[in-house]
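1. just a sequence and a predicted model for now, questions to come.
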Amino acid sequence: QKEVEQDPGPLSVPEGAIVSLNCTYSNSAFQYFMWYRQYSRKGPELLMYTYSSGNKEDGRFTAQVDKSSKYISLFIRDSQPSDSATYLCAIPPPGGSEKLVFGKGTKLTVNP
Amino acid sequence: NAGVMQNPRHLVRRRGQEARLRCSPMKGHSHVYWYRQLPEEGLKFMVYLQKENIIDESGMPKERFSAEFPKEGPSILRIQQVVRGDSAAYFCASSPMALGEQYFGPGTRLTVT
């Protein structure tokens, strides 16, 4: 079983839709969870960073962590064409490791 | 404050040649990370360096690949005797501190013909 699994999509939604992006992970010791956004031919940029179970909101973005199910989600409200990108979940292994373990990424297209 | 810079942005090498990828971290950042993104794959960690030290190279292939981050100048990822399977996007990230947020560069796309 891979450490981090993410449905690669692609996912296509109309403008204004609520988007749900998800990852599952295998190691219950994971504590920190991140979401990166990567536009085509660009480097990833950090969107959200969460530590505990529950929700964290930042504008139109909400990150949710369910440690009991080992499931993390990113919700995008009122999606815009500018949100079209690949979204990657990333988890640093426990024990203070610097390396991030990434999901494969979900390619999202928001149609005007 | 300029972001993480990588050059070249695109690099074409024939099989057997050497590839040198350069990364200049953000100003004030002394921690550098290299990741590789193969087609249809996620980003994979390769190596973590601080100035003049390799801290974690657990993701580096055992042969042909090396990395350095000298006291002066950019970090260099070096691939000797490239093969077609080395074709990928190579991303560098930097951080101001251990376990800090990693800021990514635009990547170098290596094509081996």
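-> Noted; the coordinates are in hand.

2. now the residue nearest to the spatial centre of chain B, nearest residue through space, not along the chain?
-> Here the mean C-alpha position of chain B is nearest to the C-alpha of B:Trp34 (CA atoms, centre = their mean), at a distance of 3.8 Å. With sequence-adjacent residues excluded and distances taken as CB to CB, 6 or more residues apart in numbering or on different chains, B:Trp34 is closest to B:Met46, at 4.4 Å. Just so you know, the C-beta spots here come from the backbone N, C-alpha and C atoms, and that holds for glycine as well.

3. that's a helix at that neighbour, yeah?
-> No: assessed with DSSP: H, G, I helix; E, B strand; the rest coil, B:Met46 is strand; it does not lie in a helix.

4. burial count for it?
-> 22 (other CB atoms under 10 Å in any protein chain shown).

5. pull up the per-residue confidence for it.
-> Turning to B:Met46, the model gives it a pLDDT of 96.

6. separation between it and B:Ile79?
-> Per CB to CB, to the nearest Å, B:Met46 is found 11 Å from B:Ile79.

7. before we move on, what about A:Met34?
-> 28 Å.

8. please tell me I have it right and the residue nearest to the centre of chain B contacts B:Lys44.
-> No: the pair B:Trp34 / B:Lys44 is not scored as a contact, 9.9 Å apart, by CB atoms under 8 Å.

9. where does chain A have low pLDDT?
-> A:1, A:95-97 (pLDDT under 70).

10. which residues of it lie near chain B?
-> Counting by CB under 8 Å from any CB of the partner chain, the residues of chain A close to chain B are A:4, A:6, A:8, A:36, A:41-46, A:49, A:88, A:90, A:92, A:96-105.

11. okay, and the beta partners of B:Arg36?
-> B:Lys44, B:Tyr90 (DSSP bridges).

12. residue contacts, residue 58?
-> You didn't pick a chain, so chain A it is. A:47-48 (CB atoms under 8 Å, 6 or more residues apart in numbering or on different chains).

13. sorry, should have said chain B
-> A:99, B:45.

14. where do the contact lists of B:Met46 and B:Ile79 overlap?
-> B:Phe65.

15. for A:Ser82, phi and psi?
-> phi -70, psi -10 (degrees, to the nearest 10).

16. contacts for the helix or strand encompassing the residue nearest to the centre of chain B?
-> Element membership for B:Trp34 (DSSP states H and E) is strand B:31-37. Residues outside strand B:31-37 that contact it (CB under 8 Å, 6+ apart): A:98-100, A:102, B:23, B:25, B:43-50, B:67, B:69, B:75, B:77, B:88-98, B:100, B:102, B:104, B:107.

17. tell me where the chain has strands.
-> Unless you meant another one, I'm taking chain A. For chain A, applying DSSP state E gives strands covering A:4-6, A:11-14, A:19-25, A:33-38, A:45-50, A:54-58, A:61-66, A:71-76, A:85-91, A:101-102, A:106-111.

18. look at chain B instead
-> With DSSP E as the criterion, chain B has strands spanning B:5-7, B:10-13, B:19-24, B:31-37, B:43-50, B:53-56, B:65-68, B:75-79, B:88-95, B:103-104, B:108-112.
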